[in-house]
Structure formats: structure tokens, C-alpha cells
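Trainee: When you get a sec, could you give me coordinates for this:
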Amino acid sequence: MKQPILLVMAAGMGSRYGGLKQMDPMGAHGEIIMDYSLYDAARAGFERVVFVIKRAMYEDFHRLVGKRAEKHMQVQYVFQQVDDLPDGFSVPDGREKPWGTGHAVLSAKNCIDAPFAVINADDYYGREGFAALYRFLTSEEVQRPDTVPAPFAMVAYTLRQTLTENGYVSRGVCRVENGMLSGIRELTHIEKNGDGAKYTEDGVVYHPLNPDSLVSMNLWGFSHGMMEELQKRFVDFLRVDVPKNPLKAEYFLPFVVNDLLHENKATVQVLTSQDRWYGVTYPEDKPVVMKALRDMAEKGVYPSPLWEA
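Mentor: Numbering: from 1, shown residues only. Prediction:
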């Protein structure tokens, strides 16, 4: 069996939050959100982790995250760089924004030689999601390189579990049929609306959204072949999409998954978790997350301190 790999997307700067939220202490002993994900992943069986970061972050990241992680998992680092482009392409004048989550995963192509999970660095997912993904990634179907269509999985959360009181969020809203993903729609501006939710695509007109909709929080499981698809489709993105919006076009991971679904090249099993998702989109979210993590420690869900136990 090929040991599954955990890929952590940690290059984002958290623009709405106003700082490197991935490194903000949340636990009673200075733990950051990522510590809990790494702890849950290791407990589920993951032994290898690849961190996708910015080159300028490396020293701080290694000091605050990597040194702890290296005691429990095999660790590799990959730098997501805006000029990491295929031959024949160059960075548009004035472009500073990274190319998005699809490119972040693609940045790790030389480190991925097995089925792999993908997570955001600054989201709390809970232990159930990692356990379910590890079981999926170690299954015979996923381990075989010739399985067609390619078997993928995602852990879904209900939208109401992922909203904030403090502003808008971006979510991939899922269409699920018989436990399988049939489509995903990326909505970049969703807000709470009383007990419900609403979204806008133009900043003017709002539409209601079912708060019990299942959404993707970028907790994915992929067979190894996903890297080849990401590479091929990134060229198409650069050729078709970037000229239309050279400074802001993004290569979103869910867009690639959606295309593969519609082309019958992949299936996506939807795994659900009863754990509540937590994240810090805005500074005002931090006290809520800190209280939740400390409450879980008091209930024995996590030791405190986390890693010394």
C-alpha cells in the first residue's frame, strides 16, 4: 500500500483577516488551528505531510509549525510562486495574486507519489473528516492507479456550520445524488440572513440559499492521477481565462473537480462529518474559535498541551 499524503495549503495571507492567520495562536498553550488538523490527521493514520507555503514564510513557518510537525510526521515544504508557470507562459504585468487553490496543489507535483488529501491550513475540520478520508485513500479502488473513472472524495459540511456573524464567506455549494457529488458551484459572497443564508454574484442583487446545503471546505481526497489533470488544465486556464482577467483570474480546485465530473473522468464520494467546522475569516471570529478549542480540550477531545501528551 502507498501511504497517503496530507497536502496542506498554507500560502494564503488571509487578506480579509489582515495577517498570517495560519500562525495565530488559538489553543490554551499557543496551538494554532493547523496543529489540531495535523494532530487529527496523524491520529487517523497519515504519516507524511507536504506544506505549500510562500518562500518568504519559510523561516517563521518552520519555527512555529514545522519543528513540531517533524516530531510526528515526515515533512516536506513546497513554495507556491506566481512565476511557477509552464513553458511558453509568463506572469502578466502587475500580477501579484497567487493563481489559486488548483495551482497550490499543482505546486506539490514533485512530492506527490501516492493518493493524497488536501486541506486548508486555517480551517478546523475535526477528527471525523480525517479518519474518513484516510479510510478512503487506503481503499483498494483508490490505491490502484488504473481505476477509471478516477475515484475522489470530499468531506462536506452543512453551510450553516460554516458561516460567520462577521461578514461574507466563499463556499463551494455541492449538489449530491445518492452519496456522490454531481456538481459544485463556487459562490464567492455568502452571508448569514437571520436563520438562513443569502448570496450575491454582483454585490447588488441577493438570492436566498438553503442553510442546510452541503458545502466543500477544501477537505479533499484524490487518487494520484489528479496531478496530471491539474497540470493539463492549468495550461487551458492560462490560455483561455487569464487573458480575460490577467490580474485576478484564479485556478480553483473545485472548478477542476467539476469539469472532471461532467466529463465522466472522475467520481466524488461525499463523506459527511458531524464535527463542526471552525475558521477565522475575520479578526472577530477568533474568540469564537478559541473558546471552541478550549471547550474541546476541557471535554477531553484533545490533550492540553496538544503535542506533549
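Trainee: Report pLDDT for residue 266.
Mentor: You'll see residue 266 listed with a pLDDT of 95.
Trainee: any idea which element the residue lying closest to residue 132 once chain neighbours are set aside lies in?
Mentor: Leaving aside its chain neighbours, residue 132 sits nearest to residue 271 (4.3 Å; criterion: Cβ to Cβ, 6 or more residues apart in numbering). (Each C-beta comes from the backbone N, C-alpha and C, glycine too.) Counting by DSSP states H and E, the element that carries residue 271 is strand 266-272.
Trainee: and that strand, what does it pack onto?
Mentor: Using 3 or more Cβ pairs under 8 Å, 6 or more residues apart in numbering; DSSP states H and E, the elements in contact with strand 266-272 are helix 127-137, strand 150-158, strand 180-193, helix 253-262.
Trainee: what's the longest one packed up against?
Mentor: Packed against strand 180-193, as judged by 3+ Cβ pairs under 8 Å, 6+ apart, are the following elements: strand 169-177, strand 196-200, strand 206-209, helix 253-262, strand 266-272.
Trainee: Paired strands for the next helix or strand after the shortest one, with orientation please.
Mentor: Of the helices and strands lying after strand 206-209 in sequence (DSSP H and E), the nearest is strand 214-222. Each strand that pairs with strand 214-222, with its direction, by DSSP bridges: strand 116-120 (antiparallel), strand 150-158 (antiparallel), strand 169-177 (antiparallel).
Trainee: do you know which of the ones you listed lies nearest residue 45?
Mentor: For residue 45, the closest of the strands paired with strand 214-222 is strand 116-120, at 10.8 Å, according to Cβ to Cβ.
Trainee: And that closest one, how far out from the chain middle?
Mentor: Chain-centre distance of strand 116-120: 6 Å, with Cα atoms, centre = their mean, to the nearest Å.
Trainee: what residues does that strand touch?
Mentor: Strand 116-120 is contacted by residues 4-9, 12, 37, 41, 46, 50, 105, 125, 130, 133-134, 137, 217-222, 224, 226, 253, 279 when judged by Cβ atoms under 8 Å, 6 or more residues apart in numbering.
Trainee: so where's the stretch 1-150 of the chain shaky on pLDDT?
Mentor: 13-22 (pLDDT under 70).
Trainee: still on that earlier bit, kindly calculate the angle that the strand holding residue 271 makes with helix 127-137.
Mentor: 150 degrees (axes from the mean of the first three to the mean of the last three Cα atoms, to 10 degrees).
Trainee: contacts for strand 266-272?
Mentor: By Cβ under 8 Å, 6+ apart, the surrounding residues in contact with strand 266-272 are 129, 132-133, 136, 149-157, 174, 176, 179-181, 214, 257, 260-261.
Trainee: after that strand comes which helix or strand?
Mentor: Next along the chain from strand 266-272, counting by DSSP H and E, comes strand 278-279.
Trainee: Give the next helix or strand downstream of that next one.
Mentor: Past strand 278-279, further along toward the C-terminus, the next helix or strand under DSSP H and E is helix 286-298.
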